[in-house]
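Student: Sequence below, structure please.
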Amino acid sequence: MEFFISTAYAQDAPQADPFGFFLPMIVIFVAFYFLLIRPQQKRQKAHTALIGALSTGDEVLTAGGVLGKVTAVSEHYATLQIAENVEIKVQKTTVSAVVPKGTIDAA
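Tutor: Purely as a prediction, here's the structure:
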């Protein structure tokens with residue numbers, strides 16, 4: 001009868017290393033942090049500083065491509081003069097860049 005019964009080798013199988021699964025996960029998380037999360041936090045911090053430093057007389061470009069001169073600043077809004085006697089009110093968060101003085105005249 002021994003010819004039909006094979007020996008069970010399950011107890012001799014090597015045990016799985018717990019770090020074998022977690023180490024790649026940790027490496028992937030660290031890579032995502034340094035390649036995606038940290039640069040985004042830096043951009044967000046720079047944008048927040050840009051918005052906080054807005055003042056009357058700055059020439060700005062909005063996310064929609066509107067170029068204008070800041071005539072008034074409130075807590076959440078900025079008033080932009082985009083042409084003579086034409087002013088619009090935009091959310092300060094839509095301001096994407098402060099451009100050098102004289103950019104409006106050159107455009």
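
Student: Next, residue 51: secondary structure please.
Tutor: The three-state label given to residue 51 by DSSP: H, G, I helix; E, B strand; the rest coil is helix.

Student: what sits against it?
Tutor: Counting by C-beta atoms under 8 Å, 6 or more residues apart in numbering, residue 51 makes contact with 92-93, 95. Just so you know, the C-beta spots here come from the backbone N, C-alpha and C atoms, and that holds for glycine as well.

Student: rerun that using 10 Å as the cut-off
Tutor: The contact partners of residue 51, taken as C-beta atoms under 10 Å, 6 or more residues apart in numbering, are 73, 76, 78, 91-95, 98.

Student: Roughly how far does residue 92 sit from residue 100?
Tutor: Counting by C-beta to C-beta, to the nearest Å, the gap from residue 92 to residue 100 is 20 Å.

Student: now do residue 19
Tutor: 54 Å.

Student: Likewise for residue 106?
Tutor: 9 Å.

Student: just residue 77 next, same as before
Tutor: 24 Å.

Student: more crowded one of the two?
Tutor: More crowded of residue 77 and residue 100, by other C-beta atoms under 10 Å: residue 77, with 14 against 7.

Student: which residues touch the more buried one?
Tutor: Residue 77 makes contact with 89-94, according to C-beta under 10 Å, 6+ apart.

Student: Can you tell me the centre-most residue of this structure?
Tutor: For the chain, the residue nearest the mean C-alpha position is residue 40 (3.2 Å; C-alpha atoms, centre = their mean).

Student: Just the buried positions in the strand or helix carrying that residue, please.
Tutor: Taking DSSP states H and E as the criterion, residue 40 maps to helix 38-52. Neighbour counts over helix 38-52 (16 or more other C-beta atoms under 10 Å) mark 50-51 as buried.

Student: so what does the lowest-mean-pLDDT helix or strand in the chain touch, helix or strand wise?
Tutor: The weakest-scoring helix or strand in the chain, judged by mean pLDDT, DSSP states H and E, is helix 103-106 (a mean of 86). Other helices and strands packing on helix 103-106, by 3 or more C-beta pairs under 10 Å, 6 or more residues apart in numbering; DSSP states H and E, are strand 59-62, strand 67-73, strand 77-83.
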